[in-house]
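Peer 1: Pasting a predicted model and its sequence here:
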Amino acid sequence: MNQKSNFIKSGHYGHKLIMGGVTVMVVTLYGLVFWNVRHTTSALRGTETLFIAQESSLISVIKQVNADYKEDLQTSLNCRPFAECSKLEEAMRIARTYPTRFSSNLAYLTNISSRKETFVSNLLPSILAHNEKVQSEREYLLILKKIKDTGKKLNFEQMQRLNNLALKYKLRRVTIAELLKRVDVIPPSLALGQAVVETGWGGSLAAQRFNSPFGMMKSRTRVFSYNSLQESVSHYIHNLNTHEAYAPMRAIRAKLRNTGEQLCPLKLAEGLLRYSELGRTYTGRVKTIIKSFGFQQYDKARLTSFYQQS
């Protein structure tokens, strides 16, 4: 060992130079790889195909805005207690103004109040409008149920409409009881909460470029693209009302209806464990958003009588 040590110390510095050169080459190689990954990622983001690397989360939402927004959001999460649904007394009136796209400045709004107001105003009218259509179908089913409950038979037209609804809501065996589990509204607070988690308050590429605020995937690497927010809302609500993965949500909703309770979004969210691979972590984030930002106030919102397309 001493001979080897003396040999190195005795002026043979060539070995040190070689090792130093190798070190420089390794560091340079790592730098090039890191640079290439960063620029390749940037290029991918600019293509028409949207690659979803991971589910949107509260952390990714926070990272999209500046320090002021982070502070406001954290304060909101810390100060507001997480509790079950409370009774809603007053119904706010929302104008029938249907933005076809999210505002382009959503990604740059740093004030949480302004961001929330813009996001809700862009999406809520379409949610309420589609719920109106579903509620109309539900009321017709309830009329048919009353007829059946009295022992009378449905006429040809009524049977035809019943069969059409069963086909629309993907029900093979036509029964009014089963249809009523599917033909029902989605609380606006739940839809808004999911859209926030999925898009980071409407600032994501999916929301801005593809009108896709609910994370609906066409394939493993591509989101659904819609012509308008109204179209995306319609697909989202119909999906929750028909897809087998969300049968637990529909069962919870039917139970609440049977007991005369309001459709609590926090309870319904528990039936959406299969909406995301994150499972309970995902539903927990949705519920936190709903409570922290007071989205339940929109569950009793109603559209005004006049109509305006924007």
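Peer 2: Perfect, thanks for sending it. Numbering: from 1, shown residues only.
Peer 1: Find me whatever residue is spatially closest to residue 234, sequence neighbours aside.
Peer 2: residue 130 (5.3 Å; CB to CB, 6 or more residues apart in numbering). For glycine as for every other residue, the C-beta is placed from the backbone atoms N, C-alpha and C.
Peer 1: Next up, the contacts around the one you found.
Peer 2: 230, 233-234, 237 (CB atoms under 8 Å, 6 or more residues apart in numbering).
Peer 1: three-state assignment of it?
Peer 2: helix (DSSP: H, G, I helix; E, B strand; the rest coil).
Peer 1: quick one: contacts for residue 93?
Peer 2: 301-304.
Peer 1: rerun that using 6 Å as the cut-off
Peer 2: By CB atoms under 6 Å, 6 or more residues apart in numbering, the contact set of residue 93 is residue 304.
Peer 1: Same check on the one 10 residues further on?
Peer 2: If you count contacts by CB under 6 Å, 6+ apart, residue 103 has them with 118, 122.
Peer 1: Give me the pLDDT for it.
Peer 2: Looking at residue 103, its pLDDT reads 95.
Peer 1: what about the protein, any weak spots by pLDDT?
Peer 2: 1-84, 86-90, 306-310 (pLDDT under 70).
Peer 1: Let's see that with 50 instead.
Peer 2: 1-82, 309-310 (pLDDT under 50).
Peer 1: all strands of it, in order?
Peer 2: 93-98, 302-309 (DSSP state E).
Peer 1: so what strands line up beside the first one?
Peer 2: In other words, strand 93-98. Its sheet considered, strand 93-98 pairs with strand 302-309 (parallel) by DSSP bridges.
Peer 1: any idea how far residue 206 lies from residue 190?
Peer 2: 19 Å (CB to CB, to the nearest Å).
Peer 1: who touches stretch 266-274?
Peer 2: 85, 190, 245, 248-249, 252-253, 279, 283, 286-287.
Peer 1: residues in contact with stretch 193-202?
Peer 2: 56, 61, 64, 102, 106, 115, 119, 207, 213-215, 285-286, 289-290, 295.
Peer 1: right, and residue 95 touches residue 302 too?
Peer 2: No. Using CB atoms under 6 Å, residue 95 is not in contact with residue 302; the gap is 10.9 Å.
Peer 1: Ranking by neighbours, what's the top pick from the contacts of residue 130?
Peer 2: residue 233 (27 neighbours; other CB atoms under 10 Å).
Peer 1: shouldn't it be in contact with residue 124?
Peer 2: No. In this structure residue 233 lies outside contact range of residue 124 using CB under 6 Å: 9.7 Å.
Peer 1: could I get stretch 137-155 in CSV with only the CA atoms?
Peer 2: Taking C-alpha atoms only, stretch 137-155 is exported to CSV below (Å, rounded to 0.1, in the frame of the first residue of the first chain):
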residue,chain,number,x,y,z
GLU,A,137,-86.5,14.7,-18.2
ARG,A,138,-86.7,13.7,-14.6
GLU,A,139,-90.0,15.4,-14.0
TYR,A,140,-91.5,13.6,-17.0
LEU,A,141,-90.3,10.3,-15.5
LEU,A,142,-91.9,11.2,-12.2
ILE,A,143,-95.2,11.8,-14.1
LEU,A,144,-94.9,8.4,-15.7
LYS,A,145,-94.2,6.9,-12.3
LYS,A,146,-97.4,8.4,-10.8
ILE,A,147,-99.4,6.9,-13.7
LYS,A,148,-97.9,3.5,-13.2
ASP,A,149,-98.4,3.7,-9.4
THR,A,150,-102.1,4.2,-9.9
GLY,A,151,-102.3,1.0,-11.9
LYS,A,152,-102.8,2.6,-15.3
LYS,A,153,-100.9,1.7,-18.4
LEU,A,154,-98.7,4.1,-20.4
ASN,A,155,-100.0,5.0,-23.8
